[in-house]
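Asker: next comes the sequence, and after it the predicted model I'd like to discuss.
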Amino acid sequence: MSNTNTDFLLAIEDLTVSFDGFKAVDSFNLYIDKGELRVIIGPNGAGKTTVLDMICGKTKSTQGSIKFKNKELTKLREHKIVRAGVGRKFQTPSIYENLTVFENLEISYPWGRTVIGSLMFKRDQKVLDSIHKVAEQIYLIDDLDKQAEFLSHGQKQWLEIGMLLVQKPELILLDEPVAGMSVKEREATAALLNEIVRDRAVIIIEHDMDFVAQIAKKVTVLHMGKIIAEGTMDQVQNNEKVKEVYLGH
Ligand SMILES: Nc1ncnc2c1ncn2[C@@H]1O[C@H](COP(=O)(O)OP(=O)(O)OP(=O)(O)O)[C@@H](O)[C@H]1O
Ligand SMILES: [Mg+2]
């Protein structure tokens, strides 16, 4: 397998992980351009979350390479991968419920490694400006002083995306970001994603096909750890293998 795909922001080749001999992800290849929003779909247990776990260093691969801006990530620890510019949002929001929206965004700054450290950090205008910009993007500009526990489930998901955005990652990984959201919140999230992808790349795992149709240019379908189809939503939906294993007809 050649590793010459240096033009991509992210180039994953031959990525494989075995858990006690079971290959959860098997010879997985993925190439992502800057500005690309890629959706990964597939049935439960297909290996989608495990792919994201390997990109962000939570799970170590058994084999293969993950090149981000030409830098090999597979041997790096999680915090080094974050510092290299990869932001990850997990399935359940991990915000600080007892802090305000503003404080949650503020402590997510790269210098805010600890809650105490960042709360004592002098708030300069540049920091304030970018917090306000992100708060506007995630539709929480009027809720900056609200304690996070009082946000709706959807707003909490947006706040967590905002906490990634203040770190200015060049690649954002989102695991089912609209799960549990209302139709309106989903539409707003689609608009948000289409906006934020302009400066970076985003990989999203998603089950909701209506939502995928709103955002996806290119879809990768995973089944039993392997890619079975890749292309536009139309191409993928009309793919015989996909119909068989994923859509169930
Ligand atoms: N740390 C682990 N140890 C053992 N098996 C694991 C581990 N992580 C994942 N698996 C297994 O790997 C397979 C893929 O899991 P994964 O969570 O990636 O699927 P998924 O596509 O995200 O599914 P879902 O749509 O349900 O979230 C599953 O069979 C799962 O049980
Ligand atoms: Mg999953």
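Answerer: Now that the structure is in, tell me what you want to look at. Residues are numbered from 1 along each chain as shown. Ligands and ions are numbered 1, 2, ... in the order given.
Asker: which residues in the chain form helices?
Answerer: 48-55, 78-84, 101-107, 115-119, 125-137, 153-165, 183-196, 209-215, 233-237, 240-242 (DSSP state H).
Asker: for Lys34, which non-adjacent residue is spatially closest?
Answerer: Leu9 (4.7 Å; CB to CB, 6 or more residues apart in numbering). All C-beta spots, glycine's among them, are computed from the backbone N, C-alpha and C.
Asker: one more: Ala213?
Answerer: Nearest residue to Ala213 in three dimensions, chain neighbours excluded: Met233, at 5.5 Å (CB to CB, 6+ apart).
Asker: ligand 1 versus the one you found, what's the distance?
Answerer: 18 Å (CB to the nearest ligand atom, to the nearest Å).
Asker: tell me what Lys71 is bridged to.
Answerer: When bridges are called by DSSP bridges, Lys71 pairs up with Phe68.
Asker: that one: how many residues sit nearby?
Answerer: Neighbours of Lys71 under the rule other CB atoms under 10 Å: 12.
Asker: same thing with Val82?
Answerer: Val82, neighbours per other CB under 10 Å, totals 18.
Asker: thinking Tyr31 is in contact with Lys67, fair?
Answerer: No: at 9.8 Å, Tyr31 does not count as touching Lys67 under the criterion of CB atoms under 8 Å.
Asker: ok, the two, which is more surrounded?
Answerer: More neighbours surround Lys67 than the other of Tyr31 and Lys67, with 19 against 16 (other CB under 10 Å).
Asker: can you tell me which residues in the chain are near ligand 1?
Answerer: Residues of the chain lying close to ligand 1 by CB under 6 Å from any ligand atom are 19, 24, 42, 44-50.
Asker: now for those: which two are most distant?
Answerer: Phe19 and Gly42 (17.3 Å; CB to CB).
Asker: so how far is stretch 11-29 off the chain centroid?
Answerer: 19 Å (CA atoms, centre = their mean, to the nearest Å).
Asker: picking that back up, want to throw the helices of the chain into TSV with mean pLDDT?
Answerer: Formatted as TSV, the helices of the chain follow (pLDDT from 0 to 100):
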stretch	mean pLDDT
helix 48-55	97
helix 78-84	92
helix 101-107	93
helix 115-119	56
helix 125-137	90
helix 153-165	94
helix 183-196	94
helix 209-215	86
helix 233-237	90
helix 240-242	92
